[in-house]
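K.L.:
sequence and computational prediction follow.
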Amino acid sequence: MRLKIAAAAALILAALPFAASADGEVNIYSYRQAYLINPLLKAFEKETGIETNVVFAKNGLAERLEREGRNSPADVVMTVDISRINELVERDLVTSVRSDTLEKNIPENLRHPDGKWFALTTRGRLIYTSKDRVKAGEITTYEELADPKWKGRICTRSGKHPYNIALISSMIAHHGLEETEQWLRGLKANLARKPQGGDRDQIKAIAEGVCDVSIGNSYYYGNMLQDENERPIAEQVRLVFPNADGRGTHINISGIALTKSAPNRDNAIKLMEFLSSPEAQRIYAEANPEYPANPAVKPSGLVATWGEIHPDALPLQTIAAHRDEAVKLVDRVDFDG
């Protein structure tokens with residue numbers, strides 16, 4: 001009898017680690033870099049006791065989720081750029097979350113209408129201008145990038161990059177396809193060189209005198225200012241928040257979505273809610289030069305010195321719906337050629 005009891009006890013003890021793991025963890029697939037999200041995850045673990053496990057990748061997470069199917073261990077995906085997060089929706093890899101907390105913390109235009117993704121931070125798609133060669137206020141809108149006065153004076157990265165595709169998608173959403181095509185042709189005619197490099201390279205091009213105006217995310221400008229080697233370069237450009245007095249500045253996001261296969265659904269939703277909270281949003285804001293998605297939390301540090309951003313109120317999901325049109329338009333005008 002004692003042997004049977006001992007055996008039964010051993011079986012129970014052997015099972016406990018698996019039960020604790022299943023009830024006490026959340027598995028994350030992330031495009032966001034470790035140094036950006038680790039402080040958040042540590043704060044979440046401290047508050048809830050739920051362990052976080054992270055797989056970091058630069059690309060291919062949607063394909064990985066598809067391969068793994070319903071056996072995927074991933075509970076949530078953390079990503080940057082609306083096109084990447086919308087890809088998860090289009091491939092039917094994520095599911096709806098109904099949460100009063102998330103809906104209270106994240107504005108309607110910064111979440112999927114059915115709760116299939118939620119923004120956590122935002123960054124503006126801004127115009128950089130030379131402090132020496134462009135007067136303050138000389139350019140204030142995206143539309144003015146096509147003005148012939150800027151011929152030979154603009155630099156940008158590839159039109160096919162997701163950040164530029166998102167901007168072009170927003171132009172289609174506001175102006176329609178035909179008018180946006182005219183705008184994009186005008187912008188191409190104003191380029192000082194073929195599209196190349198990343199957003200930081202456009203700032204460097206202004207500093208080197210290659211061009212006077214460029215397009216880039218506020219995030220990269222902030223990172224350069226925080227790097228002692230790149231700060232002198234970044235300080236040569238001025239930030240312009242386009243259309244601030246009109247429809248608002250185009251923004252992009254980092255966001256989070258719950259996978260359809262989530263084995264730890266309840267814990268995953270707890271993580272999503274925590275990341276939208278004022279506490280976590282402040283940690284995010286202090287860790288990197290982005291704007292909090294929760295409007296109750298003000299930008300901090302460097303970002304606060306840039307002044308308030310007036311974002312485009314158009315829902316990002318509406319903008320994302322024009323992605324395919326934007327991609328075809330970039331090819332049609334041979335923007336990168």
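P.N.:
That came through fine. This one's a predicted model, so the numbers in the text were calculated from it and none came from an experiment.

K.L.:
next, residue 334: phi, psi?
P.N.:
phi 50, psi 50 (degrees, to the nearest 10).

K.L.:
give me the element the closest residue to it other than its chain neighbours is part of.
P.N.:
Nearest non-adjacent residue to residue 334, counting by C-beta to C-beta, 6 or more residues apart in numbering: residue 188, 7.8 Å away. Where you see a C-beta, it was placed from the backbone N, CA and C, and this is true even at glycine. Here residue 188 sits within helix 177-189, counting by DSSP states H and E.

K.L.:
just the helices from the stretch 151-300 of the chain, written as ranges.
P.N.:
Ranges of helices in the stretch 151-300 of the chain, per DSSP state H, counting those that start in this stretch, are 162-175, 177-189, 199-207, 218-225, 231-234, 265-276, 278-287.

K.L.:
pLDDT on the shortest one, on average?
P.N.:
Throughout helix 231-234, pLDDT has a mean value of 98.

K.L.:
same check on stretch 210-227?
P.N.:
Here the average pLDDT along stretch 210-227 is 96.

K.L.:
returning to what we had before: between the helices of the stretch 151-300 of the chain, which one is closest to residue 96.
P.N.:
helix 265-276 (11.1 Å; C-beta to C-beta).

K.L.:
any idea how far that closest one is from the chain center?
P.N.:
Relative to its chain's centre, helix 265-276 lies at 18 Å (C-alpha atoms, centre = their mean, to the nearest Å).

K.L.:
returning to what we had before: surely the residue nearest to residue 334 meets residue 332?
P.N.:
No. In this structure residue 188 lies outside contact range of residue 332 using C-beta atoms under 8 Å: 11.2 Å.

K.L.:
tell me what angle the longest strand along the chain forms with helix 265-276.
P.N.:
Counting residues, the longest strand found in the chain (DSSP state E) is strand 118-130. Per axes from the mean of the first three to the mean of the last three C-alpha atoms, to 10 degrees, the angle that strand 118-130 makes with helix 265-276 is 40 degrees.

K.L.:
now do strand 118-130: distance to the chain's middle.
P.N.:
9 Å.

K.L.:
separation between residue 92 and residue 318?
P.N.:
To residue 318, residue 92 is 20 Å away according to C-beta to C-beta, to the nearest Å.

K.L.:
let me fix that, I meant to ask about residue 291.
P.N.:
Counting by C-beta to C-beta, the gap from residue 291 to residue 318 is 20 Å.

K.L.:
more crowded one of these two?
P.N.:
Higher neighbour count among residue 291 and residue 318: residue 291, with 28 against 13, using other C-beta atoms under 10 Å.

K.L.:
any idea what sits nearest that one, other than its immediate chain neighbours?
P.N.:
residue 122 (4.6 Å).

K.L.:
done for today, thanks.
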